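> Need a 3D model of the sequence below.
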Amino acid sequence: MIIFKSREIHLEPSKFFLIPPNTPYKTRLEQPVRHFYLHFQVQFSFQSNSNLIIQFPVTLQLRRKVQELDRWSQQLDGLSTRESFLAYYLVSAALLHIPSGTLRLNPDDIRVRLILDYISQHLNVPLRNPQLARLIGMNVNAFIRFFRARTGSTPQAYLASQRIEKACILLAYSSKSIEEIAKQTGFCNRYHFSSTFKKILRITAVRIVITVTS
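Numbers count the residues shown, from 1 in each chain. As a prediction, this is how the structure comes out:
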């Protein structure tokens, strides 16, 4: 079960659920359940304007694609070309169900791509605006205006959201302690991590344990 904005959403075999990044939600497991989870990131130029959880029906074709991808993922160490395309297919199907106007497309800019790629690869170390500005040869104030105009967020706000997004994945799908996760995502200690987590997601950082059975 997903708990979103005080509303309970029951997981059903007939539905897929698309949860955008930085969407505050909780989960509750009433009984063991086998599920298929696919984490992905879209191009940086797509910015969500609101928190929402999107539900859409599982067609017979989509079900078969999931079953095929699930079988391969259990047999292989990493995905082959075909399985990668299957994953892209499922992601595309999910994105097609996003309501019109929910996403905003900003102009692509190689300088922004450079900054966002750099941020994603250095989430575990301190990143300051002067350092980021130097990467694309801009002064700090101009860089902050430039970044916000193209992403809808300040550099530090974007950095914090990316760190928390990675932390959410580690909390849910790894056995690392909160201290280890805080260090891996660039926070000086667990208290700084917990404070930022609560500020961005408006919930307290806790470990989510999901039991999966055959």
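
> Relative to the centre of the chain, find the outermost residue for me.
N139 (30.1 Å; CA atoms, centre = their mean).

> How is the protein partitioned into domains?
2-104, 106-201 (automatic domain parsing).

> so of those domains, which one's packed in deepest?
The highest average neighbour count among the domains of the chain, using mean count of other CB atoms under 10 Å, belongs to domain 106-201 at a mean of 16. For every residue, glycine as well, the C-beta is placed using N, CA and C.

> gap between it and the chain center?
On the basis of CA atoms, centre = their mean, to the nearest Å, domain 106-201 sits 13 Å off its chain's mean C-alpha point.

> Now it: average pLDDT?
On average, the pLDDT along domain 106-201 is 86.

> which stretches of this structure form strands?
2-4, 7-9, 15-18, 26-27, 46-48, 54-57, 103-105 (DSSP state E).

> Against T23, how distant is the residue farthest from the centre of the chain?
35 Å (CB to CB, to the nearest Å).

> same deal with A160?
16 Å.

> ok, now V125?
Distance from V125 to T23, by CB to CB: 27 Å.

> Can you spell out which helices and strands pack onto the lengthiest helix in the chain?
Determined from DSSP state H, the single longest helix within the chain is helix 155-173. The criterion is 3 or more CB pairs under 8 Å, 6 or more residues apart in numbering; DSSP states H and E, and the helices and strands that helix 155-173 contacts are helix 110-121, helix 129-135, helix 140-151, helix 178-184, helix 190-201.

> Output these as CSV; include the columns distance to Q67.
Formatted as CSV, the helices and strands packed on helix 155-173 follow (distance: least, CB to CB, whole Å):
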stretch, distance to Q67
helix 110-121, 31
helix 129-135, 43
helix 140-151, 37
helix 178-184, 32
helix 190-201, 33
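
> Of all those helices, which one comes closest to R28?
When these are compared by CB to CB, helix 190-201 sits nearest R28, at 16.9 Å.

> Report all helices and strands that the closest one contacts.
helix 155-173, helix 178-184.

> now the angle between helix 155-173 and that helix, please.
On the basis of axes from the mean of the first three to the mean of the last three CA atoms, to 10 degrees, helix 190-201 is oriented at 100 degrees to helix 155-173.

> Kindly export helix 190-201 (C-alpha atoms) in PDB.
What follows is helix 190-201, C-alpha atoms only, in PDB (Å, rounded to 0.1, in the frame of the first residue of the first chain):
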ATOM      1  CA  ARG A 190      22.900  12.000  10.000                       C
ATOM      2  CA  TYR A 191      21.400  15.100  11.600                       C
ATOM      3  CA  HIS A 192      22.000  17.300   8.600                       C
ATOM      4  CA  PHE A 193      20.700  14.500   6.400                       C
ATOM      5  CA  SER A 194      17.500  14.000   8.500                       C
ATOM      6  CA  SER A 195      16.900  17.800   8.600                       C
ATOM      7  CA  THR A 196      17.300  18.200   4.800                       C
ATOM      8  CA  PHE A 197      15.200  15.000   4.200                       C
ATOM      9  CA  LYS A 198      12.300  16.300   6.300                       C
ATOM     10  CA  LYS A 199      12.500  19.800   4.800                       C
ATOM     11  CA  ILE A 200      12.300  18.500   1.200                       C
ATOM     12  CA  LEU A 201      10.000  15.600   1.600                       C
END
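
> Fine by me, we can end here.
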